[in-house]
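Peer 1: Pasting the sequence and the predicted model now:
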Amino acid sequence: MKQPLNLNINGENRLMLVEPYYSLLDCLRDDAQLTGAKKGCDEGDCGACTVLMDGKPVTSCLVLAHSAHDSAITTIEGLADVDGLSPVQKAFVEHGGLQCGFCIPGLIMSATGFLQENPNPTEEDVRFAIGGNLCRCTGYARVVEAVMAAAQEIRETS
Amino acid sequence: MARFDYLEPHSLDEALGMLEKHGARARLVAGSTDFLVRWRTGVWRPEIVVCMQHVPGLDGLQFNDDDGLSIGAMVTVQDIEQNDIVRTRYPALAAGATAFAGVQVRNLATAVGNVCNASPAGDTLPALLAYDAQCRIVNSNGERWAPLTEVFVGPGQTAVGAGEIMTELRLPTPPPNSGGLYIKHSPRGAMDISAVGAASVMSLASDGTCASVRIALGAVAPTPIRAFGAEGRLIGQVPTDENIAESARLAAQSSRPIADVRSGAEYRREIAQVLTERTLRHAALTALGDVPDFDDVRRLAVQTAW
């Protein structure tokens, strides 16, 4: 039976009725109507469902929705603000860091979490940080360029 | 689709009570990363999930010279990978942690969960064996300690009984002049399951002979295993190329690999020998030298098939 669950999503408290066996991904997509995080493999291998929990990237398909009530959850929908796209989002657009786009919300969330920890990465660091995100268009080169550019932008504006 | 109810204890006693009440109908989860995959594929079908994430006091990762390293049940693989003391004092464990899945899974998965799920291929497990981990297991009568070597009893099977909870791993302080490394061999560099994993930890005496060594292998037997015969070949010897090669050969002999989608059995045995040799050489080289840069450890920790 569905149980009440209060989740902090993108800075907003959302009270929802959620099945006890739902993953955070299912809860975000079905109950919170936030479909930015994608269901690729549903077994933690592809990274398309990546969101931030307390700033750390996690595969939301492997999180029990009801276990997440103490965490601040950030999805791709929460990155842009009144000033527009986040530096990582902007860099993906400017560098053409996408093809079909399915993996991009996950990649952007991984990159966002990573750059908060390490705003001065090498290209090797970036490739390690996005190792858990699969792009089946195999468009990694421009993704890496975009993350490096976003890092520079973040360093220059902070 | 199977369904389950979610229970969230807020103390160890409450968790033990839930296990006692619901028995075999309940399953304990920590990071839930293995659980949700196996539940969706129908391998595990509990009626009740008892989630340990909100039990206080299980997230400690602490070191002191007397007690060694204490890893609480909710310490994530990423906590371990990022920890400076682990990187300097327990380098093989840091290597196992960095070889584990990808960052999004490392941020959820726990080392104790990796132990309790007892996959022969678990990437933290060879290093935990090589550091002689002891497991704290609590039950309604109190607690007991079990060496990790005795906890693994089969693929996915442990000596943790019904109504018991593993709450902590304790890794004794490595002797002075120690080095170590874990290497994982897999087709992909991230998010893959080991075809073979090997960990070696060695300490050297002042005359350059091997004072202690532990070698552990993953994915080449029904459980992660210690290669005791290979260790015996090195103790008291100078770790020359020849001695290391002979020890690695014995380690591969002690493996009992299967053939599956990731590797044939003979290939696994061959790779076990190669990885053991590489980890032993690295352990011997770093035992007396400076702590290697962690970026280098990260590069060494995963060696892919192509």
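Peer 2: The structure has been received and is ready for your questions.
Peer 1: What parts of the stretch 151-300 of chain B come near chain A?
Peer 2: Residues of the stretch 151-300 of chain B that fall close to chain A, judged by CB under 8 Å from any CB of the partner chain: B:Gly189, B:Ala190, B:Met191, B:Asp295, B:Arg298. To be clear about C-beta, it is placed using only N, CA and C from the backbone, and glycine gets the same treatment.
Peer 1: What's the first helix or strand after the host helix or strand of the fourth one?
Peer 2: According to DSSP states H and E, B:Asp295 maps onto helix B:294-301. Using DSSP H and E, the helix or strand that directly follows helix B:294-301 along the chain is strand B:302-304.
Peer 1: What distance do you get for the nearest residue to A:Arg136 once chain neighbours are set aside to chain B?
Peer 2: Excluding its sequence neighbours, the residue lying closest to A:Arg136 (CB to CB, 6 or more residues apart in numbering or on different chains) is A:Cys103, at 7.3 Å. Remark: distance between A:Cys103 and chain B (CB to the nearest CB, to the nearest Å) = 13 Å.
Peer 1: contacting residues for the spatially most central residue of chain B?
Peer 2: Nearest residue to the geometric centre of chain B (CA atoms, centre = their mean): B:Leu125, 1.7 Å. Each residue near B:Leu125 by CB atoms under 8 Å, 6 or more residues apart in numbering or on different chains is listed here: B:Gly96, B:Asn114, B:Val115, B:Ala118, B:Ser119, B:Phe152, B:Gly197, B:Ala216, B:Gly218, B:Pro224.
Peer 1: Now, these that are in helices?
Peer 2: Mapping those onto helices (DSSP state H) picks out B:Gly96, B:Asn114, B:Val115.
Peer 1: Give me the distance between A:Gln152 and A:Lys56.
Peer 2: Taking CB to CB, to the nearest Å as the measure, A:Gln152 falls 23 Å from A:Lys56.
Peer 1: before we move on, the earlier item: any chance of the backbone angles for the residue nearest to the centre of chain B?
Peer 2: B:Leu125 adopts backbone torsions of phi -70, psi -40, taken as degrees, to the nearest 10.
Peer 1: before we move on, back to that, so which of the residues of the stretch 151-300 of chain B next to chain A comes closest to B:Ser203?
Peer 2: Relative to B:Ser203, the closest of these is B:Arg298; by CB to CB it sits at 23.3 Å.
Peer 1: Would you map the strands across chain A?
Peer 2: Residue ranges of the strands in chain A, as given by DSSP state E, are A:3-9, A:12-18, A:50-53, A:56-59, A:72-74.
Peer 1: which other residues reach the fourth one?
Peer 2: Strand A:56-59 is touched from outside by A:24, A:44, A:47, A:49-52, A:109-110, A:112-114, A:132, B:33, B:78, B:103-105, B:107-108, with contacts defined as CB under 8 Å, 6+ apart.
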